[in-house]
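Trainee: Sequence first, predicted model second:
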Amino acid sequence: MPYFKPSKSSIHLIARAFLVEGEKVVLCRVKGKDWFFLPGGHIENGEPAATALLRELNEEIGPNDYYISSFIGICENIFSLNEKTLQHEVNMIFKVDLGADFKIAGLEDDIEFITVKKKELENLKILPGPIKEGMLEWLETGRVFFKALR
């Protein structure tokens, strides 16, 4: 197998799922926080984004019949981890359809999952903010989006 040279970049590539079942969407949050984010996680060196997303969903939510139906957008984000450290990430967002038998196992102790109606997304604090903007636009227009901090 070919060797991938470690990157010197500190930009994080992340695959995220816009998990949809009918009119419902699955979001997650760190327990005790008042903000939400899309399930998913880091893409490992040499791993295709879709493969990383399915791996992360199985690790976080549990085995289900996930189906990546489309790529819906990219969101670039830079934020403070603490006073001295910034993080730069590029989020690739995929629409993932769920079967009627979908069950959330919640396999990570610090993360909890909720299911909300699509029309409730507008009223929730979803981070990064540009992802929320992109999702709402995509729901309205069906067009792929690119969002970045201004």
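Mentor: Arrived safely, thanks for sending. Residues are numbered from 1 along each chain as shown.

Trainee: List the contacts of the residue nearest to the spatial centre of the chain.
Mentor: Nearest to the geometric centre of the chain sits residue 16, at 2.5 Å (CA atoms, centre = their mean). Residues in contact with residue 16 (CB atoms under 8 Å, 6 or more residues apart in numbering) are 37, 38, 39, 40, 53, 91, 92, 93, 94, 131. Every residue, glycine included, has its C-beta placed from N, CA and C.

Trainee: doesn't it fall inside a strand?
Mentor: Yes: counting by DSSP: H, G, I helix; E, B strand; the rest coil, residue 16 is found in a strand.

Trainee: Now for the residue nearest to residue 47 when sequence neighbours are not counted, how many residues are close by?
Mentor: In this structure, residue 47 finds its nearest non-sequential neighbour in residue 55, 7.7 Å apart by CB to CB, 6 or more residues apart in numbering. When counting by other CB atoms under 10 Å, one arrives at 16 neighbours for residue 55.

Trainee: looking at this, residue 55 is in a strand?
Mentor: No: per three-state DSSP, residue 55 lies outside any strand segment and is helix.

Trainee: low-scoring stretches of this structure, by residue?
Mentor: For the chain, the stretches with pLDDT under 70 are 1-9, 150.

Trainee: Direction included, what does the longest strand along it pair against?
Mentor: In the chain, with assignment by DSSP state E, the single longest strand is strand 67-82. Strand 67-82 pairs in its sheet with strand 85-97 (antiparallel), strand 145-148 (parallel), by DSSP bridges.

Trainee: Can you read off the backbone torsions of residue 50?
Mentor: phi -60, psi -40 (degrees, to the nearest 10).

Trainee: Make 711 the first number, not 1, from now on.
Mentor: Understood, numbering begins at 711; the last thing we discussed is residue 760.

Trainee: so who does it touch?
Mentor: 725, 778, 804.

Trainee: try 7 Å this time
Mentor: By CB atoms under 7 Å, 6 or more residues apart in numbering, the residues touching residue 760 are 778, 804.

Trainee: now the contacts of residue 726 in a markdown table, with neighbour count?
Mentor: Output for the contacts of residue 726, formatted as a markdown table (neighbours: other CB atoms under 10 Å):
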| residue | neighbour count |
| --- | --- |
| 747 | 20 |
| 748 | 25 |
| 749 | 22 |
| 750 | 26 |
| 763 | 25 |
| 801 | 22 |
| 802 | 19 |
| 803 | 26 |
| 804 | 22 |
| 841 | 22 |
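
Trainee: Sweet, I'm off.
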